[in-house]
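Trainee: Sequence first, then the predicted structure, then my questions.
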Amino acid sequence: MADRPIRYRYAGKAAQGFQRFAASKPPEFLIGLYRSMLRIRRIEEAIERRYREDQMKTPIHLVIGQEGTAVGCCAALRHADLLYTSHRTHGGYLAKGGDLRAMLCEMHCRVNGCVGSRGGSMHLVDKRVGMAGTSAIVGGAVPIATGAALAAQMKGEDRVVVTLIGDATTEEGVTSESLNFAALRGLPIVFFCENNFYSVQSPLDVRQPPRSIRAWAESHGMAACTVDGVNVLAVREATSAAVARARAGEGPTFIEAEVYRFRAHGGAGDDSHTGYRAVAEREAWEAVCPIAIFGGYLTSAGLLGDAAVAEMEGRIADEIDEAFAFALASPYPTEADLLRHVYAE
Amino acid sequence: MADRPIRYRYAGKAAQGFQRFAASKPPEFLIGLYRSMLRIRRIEEAIERRYREDQMKTPIHLVIGQEGTAVGCCAALRHADLLYTSHRTHGGYLAKGGDLRAMLCEMHCRVNGCVGSRGGSMHLVDKRVGMAGTSAIVGGAVPIATGAALAAQMKGEDRVVVTLIGDATTEEGVTSESLNFAALRGLPIVFFCENNFYSVQSPLDVRQPPRSIRAWAESHGMAACTVDGVNVLAVREATSAAVARARAGEGPTFIEAEVYRFRAHGGAGDDSHTGYRAVAEREAWEAVCPIAIFGGYLTSAGLLGDAAVAEMEGRIADEIDEAFAFALASPYPTEADLLRHVYAE
Amino acid sequence: MPWDEGLVNSLVYDRPDPGEGRVMSYVGAINEALTIALDSDPSVLVLGQGVDDPSAMFGTTRGLQDRFGLRRVFDTPLSEEAMMGVSAGAAMNGMRPVYMHNRPDFVLLAFNQLVTHAPKFHFMDNGQTTVPMVVWAAIGRGWGSGAQHSQAIHGMLLGVPGLKIVMPSTPHDAKGLLLAAIMDNNPVCVFEHRWLMKKDGVVPERPYRVPIGKGICRRRGRDLTIVGASHAIELGAQAAALLASEGIEAEVIDLRTIKPLDESIVLESLHRTGRLLVVDTAWATGGVCAEVGCLAAEKGFRDLKAPVGRVGLPDAPAPAGFTLEQFYYPDAPRIAEAARGLMRA
Amino acid sequence: MPWDEGLVNSLVYDRPDPGEGRVMSYVGAINEALTIALDSDPSVLVLGQGVDDPSAMFGTTRGLQDRFGLRRVFDTPLSEEAMMGVSAGAAMNGMRPVYMHNRPDFVLLAFNQLVTHAPKFHFMDNGQTTVPMVVWAAIGRGWGSGAQHSQAIHGMLLGVPGLKIVMPSTPHDAKGLLLAAIMDNNPVCVFEHRWLMKKDGVVPERPYRVPIGKGICRRRGRDLTIVGASHAIELGAQAAALLASEGIEAEVIDLRTIKPLDESIVLESLHRTGRLLVVDTAWATGGVCAEVGCLAAEKGFRDLKAPVGRVGLPDAPAPAGFTLEQFYYPDAPRIAEAARGLMRA
Ligand SMILES: Cc1ncc(C[n+]2csc(CCOP(=O)(O)OP(=O)(O)O)c2C)c(N)n1
Ligand SMILES: Cc1ncc(C[n+]2csc(CCOP(=O)(O)OP(=O)(O)O)c2C)c(N)n1
Ligand SMILES: [Mg+2]
Ligand SMILES: [Mg+2]
């Protein structure tokens, strides 16, 4: 079968886009971002590889290709800030400081998973790190995050809320409603939209007319911007500005970042061969892999060498092996666990 | 109690606004529009007056003050075009060619009401005149009208759909969803928003941030415009343009018209004295009554004289008296009617 | 709305719970509960369309905004789904929102949040989060409310784990159950009935809670048990009075909470009387009638001397006209007739 | 998802309705029904998220867009509420939409349209409009679907007048009920169960309709009646096989339609057996278990020799992990155990 035409092209500057933001940043900071993206990539790859072994009985939605947004976005947040996500939780959870063991235990349906095997991959929640809520219902977390921002505002807390949403999430009416309310109240919230052009296997143009998501958000009466989603520094910068605005009481911001997922919507492996998107489209985006281009930039800037990368990889691999082993050795819940927490005391 | 400050001011040109549109129109046409508005006003006044007699056991939402939008909008439609409205049905029903007797019978809970006493004032439906559907749920009719437009498009019918909505209706997520779908599919539909600045007794600025409803609609990827809602000719012109666009297969249009209701949200009489809006605000808008200013214009243009108005008033009064008498003499439904039409055959 | 009021006032109802307290209206009791809650707990919020408008949600929220400020008592946009999620999000982050709706029909717009989010989070995140929120709505009936403004939806929610549902029948309970609901750490729906709003009753001045999950016997009788909640208790009590004059002694059990259900009060009464009639203000099919009727057959079977009876709405949407309404809604004579049927069976 | 599939395939199930036709899969039967409907009636539409994507709604919509075109078989934006209204509006204007959902959970976003609009219009406008539409969704279970992706919501809808609800249990019925639903002039919900999707059965090639509102006896037995629909029939039949080996002969009644309910098939069977066990794939509280159980106590009381039994989900959200899932979902042994309990009672 001939490949279908490419629909969505990368419009950014790739590696040329870093210099502008990198100049003022300390090397450790930059390397930290790289490590964070690499760690997520390796974790996702390990999950993907082992998924076929059938130990993780949970629907997965990998963020491979979208590490730049999760990491860049969370790098702008403090520990006390709150993150809400949809079904695609892994990147946000890890970037927000989540516990890899707790995550893998959850994915292995173990009682010491971050939500005790009640949620699985789509519902990673961990209040210890501000991973405050997730919903497997598209748009479900958006008003909830807005309510969290309302609570923060009312309690005078120095806390910003971020919600990671997809392009399709902007089609749910509740998102429009939430933007309206956030703008009306000047809430300390950032709506961060990872526009990866697809909802499962449905391309953007069968779901939305040709119009700008950013402009749509802006028309709700809030600040809005677009950012290159494969540029972790640009993402971090845009989010920092939005967070600063929120912290200063200047209200919400909507950020649209164009990104691409390298894998299928759910499960392991890519599915471009099934024909809903062009293989060439995926490959074109893989050529601007957020990790590779940033690594390239850091290397060319003399900030990262092969040895450092190898060391990083080694540590990450060890961490992953250890966490999988821990998960696999962890106990399952028992029948007595089932009816706990139906009602709160 | 001191009056509260005026929040929402008329921004149009009042009587000065007609010349531009009137020039090319035959006098009968202009006088017809005037008569149509006057008729609605007198009908609403009669309903209001008699409402206190307790024969009409139904919640009413008068359009007094908003005749310019209903009449101007429907004047751009053909018989085969479809109108969908919310709870505020009277103006649309009458302007679309509705049957006064059937309307008053409905409001008097008679079996020969346009929907057999099953709907009351909020649910006037009459397929004979293209009053295709109403919902008492704010926003409820919006996707339904959109579906009607989809049907018209698919069947290749030369039929345009209009839905009359309020300012608050734009806060319901389903409206955003419907605009998106209509724009995506280029549907033959006009979303006509009567922005009267209030939702029941809640002013616009406690519900929406300072932003333009028109721009919000436009950001969904459709044509949008604002129009002076007290200027029946301007409304008619804007709607005609939108309808022509729809008929030509050029897709949906959103029209925002600023108007004012002179009475309470529901029931008889005004309620400005309760303090949610300024009495002076209502009075300022009454000074640009859509009927009075158009009448003034027609008179000054030599198209309308006292005798003609008196004759019109006389005919309208007779029609109203007759229709009320008819309604009051009409039979009530019986118990046997109750369970009809739960399911269609 | 005198037609309605005439009917409402014709319902004779013995003052319940004579004892400590003053005679006050049902609306006043709710207002007092909200006042106490706002006063004693700074995390309590009251929100909803028009809670601060002149009609003040039937008067229940009168004066609250003046006393507790715009921040804690506020009007909302027409965005039921988002505001339900905002309430949940605020509740998950330390607030105790009381989200008020004029009619349960509007709650249907928010079922995604009410069913799939708020009551599930505590379970899904393994007890990390609690969602202490109240969703309040008053069932409409009469005056042409019609099919879209009079739905009693409580029966639809019986199968939703994690949710609690209370339905007070007296001013005493309206206050005590609302206070219990606000202090509960779970989402609690409070469904009122419009026809109770103007009833008077004895209400203690102090703060008190009526325990959620416990019913109460409103009248002792040996011949049959009439079970219901809210306005159905008023109708049931009237029917019991009619029956008493014929020598049939009906016991009237007020469930107060329909989820979780007080099974033992029903089963104990059934044990004494051997006959069960369930009365509900919603449809007889599904819902409370079905659940309580099935309970009797499941756990009270050995006590049943006659078929279980149910009295609720017929399987048809509510008509608008008042004649049809009178055929549609069950009243005391019809309940009494059903009871006589059970006595003969 | 082999874990799931292992479990699904371990369910032994006798081929139903041997007779005319070929052996084909449940998915194939649905696909055939859709093909016939699209082919024979140009007003039929098939829409839903991903109906044209490679996974083709479990395969049920495979090939339809190629054959019937983009106009009649189309993907939708992520706007469940609007698309439900669009379907209703199209249905009111001459189309017959089949709106398909991956999971019933997503239908909850559209309850305002599904409950308050589509099934009420025909009644509310006194029979002027019909709303011939189908809402299709497949209940999820297993593989960590969790609380938000496995809800069976059919029980919530039992009290909604004007709606019909079918739940097929065999490929034969999946085809025949879907064709009947599409040709019905009312909104019909078709709830499938994922675990039936890969079952094979004998399916006639010709177009045929299984009548809506009529149940069928799947197995004759004199000792007790097991009533259910959809996947519950599979479980019930397995339980009946277990029981038969112990000398207990269970009759298995497949409701096929849960609204309107075929009361007489249940009551006639009960008349023969004297014992009733209701099995449902949803929560045991409220819903089908309660309705059928109450029906027995109301209209089959004189035949009841033992308490009514119900087997459904416990009053808790669905957990995600597979160990917890196994405790959560009832299976044939548990149903058999409940049946034994009734035999001893
Ligand atoms: C309300 C709702 N509708 C449909 C789905 C099925 N679904 C799960 S994820 C998804 C795609 C969402 O796309 P987007 O918001 O762009 O996020 P992405 O997966 O691309 O990150 C869909 C349609 C759902 N979970 N919830
Ligand atoms: C979903 C929903 N929420 C609330 C209401 C109560 N309600 C009836 S009319 C109305 C005002 C709507 O305002 P707008 O759309 O501006 O129309 P207007 O009445 O001003 O013409 C409200 C809130 C409703 N009917 N439906
Ligand atoms: Mg996407
Ligand atoms: Mg308005």
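Mentor: Yep, it's here. Ligands and ions are numbered 1, 2, ... in the order given.
Trainee: neighbours around residue 169, how many?
Mentor: Just going to use chain A. Look at residue A:169: counted by other Cβ atoms under 10 Å in any protein chain shown, it has 24 neighbours. From N, CA and C alone the C-beta is placed, and that goes for glycine too.
Trainee: ah, I was thinking of chain C
Mentor: 31.
Trainee: give the contact list for it.
Mentor: Counting by Cβ atoms under 8 Å, 6 or more residues apart in numbering or on different chains, residue C:169 touches C:16, C:196, C:218, C:229, C:230, C:231, C:232, C:233, C:234, C:254, C:256.
Trainee: and the fifth one, how far is that from chain D?
Mentor: Residue C:230 sits 16 Å away from chain D, taking Cβ to the nearest Cβ, to the nearest Å as the criterion.
Trainee: low-confidence ranges in chain C?
Mentor: C:1-18 (pLDDT under 70).
Trainee: Run through the helices of the chain in chain order.
Mentor: In the absence of a named chain, chain A is used. Under the criterion DSSP state H, chain A contains helices at A:19-22, A:27-51, A:67-74, A:90-95, A:100-107, A:141-154, A:173-185, A:213-218, A:232-247, A:279-286, A:290-300, A:306-329, A:335-338.
Trainee: not what I meant, chain C
Mentor: Ranges of helices within chain C are C:2-9, C:26-40, C:64-68, C:80-91, C:104-107, C:111-116, C:121-124, C:171-183, C:231-244, C:263-273, C:287-299, C:322-328, C:332-344, based on DSSP H.
Trainee: Make JSON lines from the helices of chain A and add distance to residue D:109 to it.
Mentor: Below are those laid out as JSON lines (distance: least, Cβ to Cβ, whole Å):
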{"stretch": "helix A:19-22", "distance to residue D:109": "39"}
{"stretch": "helix A:27-51", "distance to residue D:109": "29"}
{"stretch": "helix A:67-74", "distance to residue D:109": "26"}
{"stretch": "helix A:90-95", "distance to residue D:109": "23"}
{"stretch": "helix A:100-107", "distance to residue D:109": "26"}
{"stretch": "helix A:141-154", "distance to residue D:109": "12"}
{"stretch": "helix A:173-185", "distance to residue D:109": "8"}
{"stretch": "helix A:213-218", "distance to residue D:109": "20"}
{"stretch": "helix A:232-247", "distance to residue D:109": "28"}
{"stretch": "helix A:279-286", "distance to residue D:109": "30"}
{"stretch": "helix A:290-300", "distance to residue D:109": "33"}
{"stretch": "helix A:306-329", "distance to residue D:109": "34"}
{"stretch": "helix A:335-338", "distance to residue D:109": "28"}
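Trainee: Indicate which one of these is closest to residue C:82.
Mentor: helix A:173-185 (3.3 Å; Cβ to Cβ).
Trainee: average pLDDT for the closest one?
Mentor: On average, the pLDDT along helix A:173-185 is 98.
Trainee: Run the angle between it and helix C:80-91 for me.
Mentor: Per axes from the mean of the first three to the mean of the last three Cα atoms, to 10 degrees, the angle that helix A:173-185 makes with helix C:80-91 is 60 degrees.
Trainee: okay, helix A:173-185 in CSV with CA atoms only?
Mentor: This file holds the C-alpha atoms of helix A:173-185, laid out as CSV (Å, rounded to 0.1, in the frame of the first residue of the first chain):
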residue,chain,number,x,y,z
GLY,A,173,-17.7,21.7,25.3
VAL,A,174,-16.6,21.5,28.9
THR,A,175,-13.2,22.8,27.9
SER,A,176,-14.8,26.0,26.5
GLU,A,177,-16.9,26.3,29.6
SER,A,178,-13.8,25.9,31.8
LEU,A,179,-11.8,28.5,29.8
ASN,A,180,-14.6,30.9,30.2
PHE,A,181,-14.8,30.4,33.9
ALA,A,182,-11.0,30.6,34.4
ALA,A,183,-10.9,33.8,32.4
LEU,A,184,-13.8,35.2,34.2
ARG,A,185,-12.2,34.6,37.6
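Trainee: Of all the residues in it, which ones are buried?
Mentor: Neighbour-count burial for helix A:173-185 flags A:173-185 (criterion: 16 or more other Cβ atoms under 10 Å in any protein chain shown).
Trainee: Does that helix reach ligand 1?
Mentor: No. Interface with ligand 1: helix A:173-185 contributes nothing (Cβ under 6 Å from any ligand atom), its closest point being 9.1 Å away.
Trainee: so what secondary structure elements neighbour that helix?
Mentor: helix A:141-154, strand A:189-195, helix B:173-185, helix C:80-91 (3 or more Cβ pairs under 8 Å, 6 or more residues apart in numbering or on different chains; DSSP states H and E).
Trainee: does ligand 3 sit close to that helix?
Mentor: No. Figure legend: helix A:173-185 not in contact with ligand 3 (Cβ under 5 Å from the ion); closest approach 13.0 Å.
Trainee: Run the chain-centre distance for that helix.
Mentor: 21 Å (Cα atoms, centre = their mean, to the nearest Å).
Trainee: swap in stretch A:172-188?
Mentor: On Cα atoms, centre = their mean, the centre of stretch A:172-188 falls 21 Å from that of its chain.
Trainee: That one and ligand 2, any residue contact?
Mentor: No. Judged by Cβ under 6 Å from any ligand atom, stretch A:172-188 and ligand 2 are separated, with a smallest distance of 11.5 Å.
Trainee: list the buried ones in stretch A:275-289?
Mentor: A:276, A:277, A:278, A:281, A:282, A:285, A:288, A:289.
Trainee: Write out the residues of the stretch 151-300 of chain A neighbouring chain D.
Mentor: A:168-169, A:171-173, A:199-202, A:206-208, A:271, A:274-276 (Cβ under 8 Å from any Cβ of the partner chain).
Trainee: Buried among those? Need that as a selection in ChimeraX.
Mentor: Remark: buried members of those, expressed as a ChimeraX selection using 16+ other Cβ under 10 Å:
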select /A:168,169,171,172,173,199,200,201,202,207,208,271,276
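Trainee: neighbours around residue C:186, how many?
Mentor: Neighbours around residue C:186, by other Cβ under 10 Å: 22.
Trainee: closest to residue B:7 out of the helices of chain A?
Mentor: Using Cβ to Cβ, the nearest of the helices of chain A to residue B:7 is helix A:173-185, at 15.6 Å.
Trainee: tell me the pLDDT at residue A:238?
Mentor: 98.
Trainee: Identify the residue nearest residue 237 in space, chain neighbours excluded?
Mentor: Using chain A here. residue A:21 (5.3 Å; Cβ to Cβ, 6 or more residues apart in numbering or on different chains).
Trainee: not quite, I wanted chain C
Mentor: Using Cβ to Cβ, 6+ apart, the nearest residue to residue C:237 is residue C:252, at 5.5 Å.
Trainee: How about the contacts made by the one you found?
Mentor: By Cβ under 8 Å, 6+ apart, the neighbours of residue C:252 are C:217, C:218, C:219, C:221, C:225, C:226, C:228, C:233, C:236, C:237, C:240.
Trainee: Repeat that for residue C:171.
Mentor: Here residue C:171 is in contact with C:24, C:25, C:26, C:28, C:29, C:199, C:200, C:201, C:202, C:203 (Cβ under 8 Å, 6+ apart).
Trainee: And the pLDDT for the closest residue to residue A:158 other than its chain neighbours?
Mentor: Nearest residue to residue A:158 in three dimensions, chain neighbours excluded: residue A:247, at 6.7 Å (Cβ to Cβ, 6+ apart). Listed pLDDT for residue A:247 reads 98.
Trainee: next one: residue A:23
Mentor: pLDDT, read off for residue A:23, is 87.
Trainee: Next one: it from ligand 4, what distance?
Mentor: 52 Å (Cβ to the ion, to the nearest Å).
Trainee: what does residue A:314 give?
Mentor: Applying Cβ to the ion to residue A:314 and ligand 4 gives a distance of 64 Å.
Trainee: Tell me which residue of chain C lies closest to ligand 2.
Mentor: Residue nearest to ligand 2 within chain C: residue C:106 (4.4 Å; Cβ to the nearest ligand atom).
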